[in-house]
Each structure stands twice: as C-alpha cells, then as structure tokens.
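J.: requesting a structural model of the entry that follows:
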Amino acid sequence: MEVTGKTKERCAGGGGEGRALIPGLPDEIAMECLVRVPCQFHSNMKSVCHSWQNLISSPLFYRERIKSGVAEHLVCLIQPISSFPPPDSIHGNQGDGVCGRTDAGVKKEEEEEDEDDRQNQQQGPYGLSIYNETRGTWHRIRPKIGRIPMFCQCLALGSSGKLMLLGGWDPATLEPVPNVYILDLVSGGGSWRRAAPMSVPRSFFACAVVSGTKVYVAGGHDNQKNALRSAEVYDVEEDRWEMLPDMAEERDECQGLSWDGDSRFWVVSGYGTERQGEFGSDAECYDPETGSWSKVEGVWPFSRTSPRGCTAAVSSGQQHQWWWFLGSEQEEQQQHEEAREKPWKTVSSIKLSRSIIGTPPCVTKLANGTREDGHRVFVMSSRGGGDNCGGECEGETGFIMERERNGNTKWKHVHTPMEFSGFPFSASSFIV
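T.: Modelled structure (predicted):
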C-alpha cells in the first residue's frame, strides 16, 4: 500500500507530518497494519494519539480498508424486539459502537447496567441490529435518539459511512413522523444526530439512495392513513430537503429502487386510499434531468403482495437487474404471468434454499467493495433454519446468497440467535 505525504496529512488532519504512524516502521507498513485491525477496536485506537484519532476518523482510512480487501461487511436491520440480548452473549451484545464492544467497555457498561435496564423498559418495540458478516457476530445498537420509530426505513449512505433512519410511527402516539436520524459510522465513531426532517410525515413509503449523495422518498401514508403521492429529495452534504413534483398516483406500501450509475428513482406498485391492499402493477420513474415522472405499466404482477423489502436492485456494468425473492404463492402466480407481454423479462430463475419457506423474505444486497466476481444478498426468511443450524435457530433466520457471474448460486446459512430473530421491517448494508 502506497501512503503518500498528502494522503498521510489528509488522514491525520494535517498534524501528522514528520511523525511516524508507528515509531520505527515506515508509514506504508504501519498503514498496512492499522487497516487490518477489526473495526470493533477502532474506538479504542482513537484514544492512542491524535494522529490515530484523525486517521481512523477519515473516510480515506476506510477506503484503504476496502482497497486492501480487509473491510468488514455489516448488515443493518430494523427489527421488532421482545427483549435485549444478555450482556455477555457470545453471539453479540448491545453497545454504542457499530461493530461491538471491547473488553475495555465492559466495566463501564456494567456500571451503567441498572440505568440501561430502566431505559430498556422504555424502548420502543423496534431496535437497530447489526450483523457483522465478516466476523459472524450479532449485536444491537443502543440509540442516543430515544426510541426508534416503528416501521422506520434504514438506508446506508456508503459514500459517507452513515446510516439514515427515516419516518415511521412514533411508538407512543402511533402517528407518522417526519424525523430523520443519522448514525455516523466513520468520522463520528458511532455518534447519532438529528438530520433535517422530511417535509411530510410519512410511513410505509418508497426510498432509495441515488448517486451516493441524494436520498429520494415518495408515497406512503399520512396520519389519517391517506395514501400519498408527494415526493422529496434530501441532499446529504447540505442536510436539506426539497419537494419534488407529485407522482401521478397515490402509492402506499410502495418500493423504492435505484441502480448504480443511474440517476433515476423508481417507485414500484403500492395502492391508493380507496383500494387498500390491492397492489398496483405499475411503477413511476423520476428523472432529475427532466424534473418529471413517467409511468411504466406491468412491472409488478402480484396484486396481493407488496414488493417492499423482498426485492434487490443489482447492477453489473451497464446492465441493471431487479431480483425478486418470492414466496410459494407468488412463484405459482409468476408462472402464469410468464406468457404475458411486459416491459421486463425474466433473465433466469433459481430456487431459494429449501430452508426458506413461508412468505417472501426480507432482503438487502451486500455492498461489493472490490469484488467483481458476482453479487451477494442477505436474506432473512419468515420461517427457516431447521437442519442448517442444528435446531438452534428459532423463528426468522438469515442466509447469504452468492450469485457468481457464471450463473452458479451458493447459499450460506447465518446462525441467528433468538435475540435477533425478529422479522426485519427494513434492511441495508455497509462496508467499513
């Protein structure tokens, strides 16, 4: 790894010139060592010296981790929770950090245990869980924002190392909220802050990150359960929302989509106020170059099923694909739809793991990093586990599906402790 003077100075905040990152080692070797330290120790590393603090708070440090192939893959899940995991669980833990606590944090947490117990009694029914796919560990983030809104959406802003929580219901009033919270995983060291709120309180809406710095939201419903056609866009760098033209149709429980290298935002299916539960087959696409929406018919054929959470947008160069993960009822219906003319075509079809049964699962595409040999998707089923985990997983359970460029598909079971087995409402993924 090449560490230039400018790179070192930018990572160290300008205060590292003339000082070795690790005394006695060339900076190139020192950086090779530091980027390989697991992210759960990064908060402790910041206390070593100012140079390390500035280095590890810099996005450049995490780009070097990705470039070196040592970055860790994190899956973020908004899950219903009935109880918190035991503090010393071997599977995971609670904590402020995004990658889990270290031994140095145990004593402090024990001292705060009584207060935490009181706070936990007041926690809402939803929590933010993190699955570290690289390390095979689970833990739950203790938010500094109060109770996590029910049915909120989570979006990973990969370019900035931040996680956004948007909208949902206030756990106390069960009213939609416009609130937006940001968890800074890189420069903020796991800190929370309130971002500018959406212009319209909404829940069960479509959302997606476009071009890394824009977050689009559309549809959903208001506090009277009226379906919305309004839409808006958030500028990550300026912390500012801007209203967009309304969509042509009201769309509650719709799905947002975007693809790498494409500046458009898609809103798929949903239903209007007067036809609740009857999911439309069409979609609307917003093009920022024209500032307008266009409507596309025949996109989603399942009138009794929402596309929310059970699909993944995948890009390979200039080719964009939309992957569906269907339950048995939807698979049967799809077979009848194959003969009909539609604006999309089925490229290929594969069977889900035999342990994934029941309704459509919750999925999120894993960020590729430097991988160019295929795509991976985290899948959490409504029922599953079985023989794959020796009967230890109950309720919902996770899988990693790896689709290679040659078309081969591999499934890996993810051991899912009971404390983390609630079916996710929303999911997203990071590389750190």
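
J.: tell me where the stretch 1-150 of the chain has helices.
T.: Taking DSSP state H, counting those that start in this stretch as the criterion, the stretch 1-150 of the chain carries its helices at 5-11, 27-34, 42-45, 50-56, 59-67, 106-111, 113-122.

J.: report how many residues lie close to the closest residue to Ser258 other than its chain neighbours.
T.: Sequence neighbours aside, Ala208 is the residue nearest to Ser258 in space, at 4.1 Å (criterion: Cβ to Cβ, 6 or more residues apart in numbering). The C-beta positions use only the backbone N, C-alpha and C, and glycine is treated the same way. Counted by other Cβ atoms under 10 Å, the residues lying close to Ala208 total 21.

J.: repeat for Trp52
T.: The local packing of Trp52 (other Cβ under 10 Å) involves 21 other residues.

J.: I figured it hits Asn44, correct?
T.: No: here Trp52 does not reach Asn44: they are 9.9 Å apart, not a contact under Cβ atoms under 8 Å.

J.: common neighbours of those two, please.
T.: Between them, Trp52 and Asn44 share no neighbouring residue, with contact defined by Cβ atoms under 8 Å, 6 or more residues apart in numbering.

J.: that older thread, show me what the residue nearest to Ser258 is bridged to.
T.: In this structure, Ala208 has beta-bridge partners Tyr216, where bridges are defined by DSSP bridges.

J.: quick one: contacts for it?
T.: Applying Cβ under 8 Å, 6+ apart, one finds that Ala208 lies in contact with 155, 215-216, 256-258, 265-266, 313.

J.: quick check: it vs Ser428, distance?
T.: As judged by Cβ to Cβ, to the nearest Å, Ala208 and Ser428 stand 11 Å apart.

J.: again with Phe205
T.: 15 Å.

J.: what about these two, which has more around it?
T.: Between Phe205 and Ser428, counted using other Cβ under 10 Å, Phe205 has the larger neighbour count: 31 against 23.

J.: so where's this structure shaky on pLDDT?
T.: 1-18, 82-124, 159, 327-358, 369-374, 382-396 (pLDDT under 70).

J.: neighbour-wise, which one of the contacts of Ala208 leads?
T.: Each of those was scored for neighbours by other Cβ under 10 Å, and Phe265 scores highest at 27 neighbours.

J.: now do the contacts for the nearest residue to it once chain neighbours are set aside.
T.: Counting by Cβ to Cβ, 6+ apart, Phe265 lies nearest to Tyr216, which is 4.1 Å off, once chain neighbours are set aside. Residues in contact with Tyr216 (Cβ under 8 Å, 6+ apart) are 206-208, 210, 231-234, 244, 256, 258, 265, 286.

J.: now with 7 Å?
T.: Each residue near Tyr216 by Cβ atoms under 7 Å, 6 or more residues apart in numbering is listed here: 207-208, 210, 231, 233, 256, 265, 286.

J.: distance of it relative to Val70?
T.: When Tyr216 is compared with Val70 (using Cβ to Cβ), they lie 32 Å apart.

J.: show me what His320 is bridged to.
T.: In this structure, His320 has the following beta-bridge partners (DSSP bridges): Ser315.

J.: do I have it right that it meets Trp259?
T.: Yes: contact status for His320 versus Trp259: in contact at 4.3 Å, counting by Cβ atoms under 7 Å.

J.: these two: which has the busier surroundings?
T.: Regarding His320 and Trp259, a neighbour count based on other Cβ under 10 Å identifies Trp259 as having more, with 18 against 15.

J.: from what I can see that one touches Ser315, true?
T.: Yes: using Cβ under 7 Å, Trp259 and Ser315 qualify as a contacting pair, with a distance of 4.8 Å.

J.: what sits opposite Trp138 in the beta ladder?
T.: The bridge-partner assignment for Trp138, based on DSSP bridges, gives Tyr131.

J.: so where does the nearest residue to Glu289 once chain neighbours are set aside fall, helix or strand?
T.: Spatial nearest neighbour of Glu289, chain neighbours left out: Ser263 (7.0 Å); criterion: Cβ to Cβ, 6+ apart. Using DSSP states H and E, no element contains Ser263; it sits outside every helix and strand.

J.: would you mind measuring from Thr364 to Leu165?
T.: Looking at Thr364 against Leu165, where the rule is Cβ to Cβ, the gap reads 15 Å.

J.: show me which of the two is the more surrounded one.
T.: Between Thr364 and Leu165, counted using other Cβ under 10 Å, the more crowded position is Leu165 (25 against 21).
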